[in-house]
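Colleague: Structural data only, the sequence is not supplied:
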């Protein structure tokens, strides 16, 4: 296993805790050797990388034939707000534009769907309507602990929402 962490502070925390995987700070571009991995997981990373197409190509290049990319990114450019920019996000994605750039990287989409529809509504209400500029830790804790598990179960077992705070992609090389 090889972990690539773009955030220097989080990278240092992982090292200090004795994380067992090989660690690289930066982007996958900073992994010099060519390895052929069974899977690449990228969770809320791609939106922080200005050259996202190049990063996706590197993901594809690191995968063996038949390997999978599991990708989670922020969705819906309509809710890209100053708070996104303050987090270092360059963008949010739509199904259409994410499909296009994943396929251009040489990968075949197996699954793509919106994720966390209630999070979309909460984000829109908090940051578009109420114009908040930060999170309240107690609200995030409550949502993550009590609301999100129910939303996840409904979206996984009952229905795929037409919109969501995130997009989840599984692609194959």
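Modeller: Perfect, I can see it now. These figures come from a predicted structure and were not determined experimentally.

Colleague: Please identify the buried residues of stretch 18-26?
Modeller: 24, 25 (16 or more other Cβ atoms under 10 Å). Where you see a C-beta, it was placed from the backbone N, CA and C, and this is true even at glycine.

Colleague: scratch that, stretch 66-85 is what I was asking about
Modeller: 67-69, 71-76, 79-81, 83-84.

Colleague: so when I look at residue 15, I'm seeing a strand, right?
Modeller: No - looking at residue 15 with DSSP: H, G, I helix; E, B strand; the rest coil, it is helix, so not inside a strand.

Colleague: Can you check the pLDDT for it?
Modeller: Residue 15 is assigned a predicted lDDT (pLDDT) of 88.

Colleague: Just give me the closest of the buried residues of stretch 66-85 to residue 91.
Modeller: residue 80 (6.8 Å; Cβ to Cβ).

Colleague: how near is that closest one to residue 157?
Modeller: Distance, residue 80 to residue 157, by Cβ to Cβ, to the nearest Å: 30 Å.

Colleague: which regions of this structure sit below the pLDDT cut-off?
Modeller: The chain contains residues with pLDDT under 70 at 32-35.

Colleague: where along it do the strands fall?
Modeller: Ranges of strands in the chain, per DSSP state E, are 2-5, 22-25, 37-43, 63-74, 108-115, 166-172.

Colleague: what angle sits between the fifth one and strand 63-74?
Modeller: Spelled out, that is strand 108-115. For strand 108-115 against strand 63-74, the angle by axes from the mean of the first three to the mean of the last three Cα atoms, to 10 degrees is 20 degrees.
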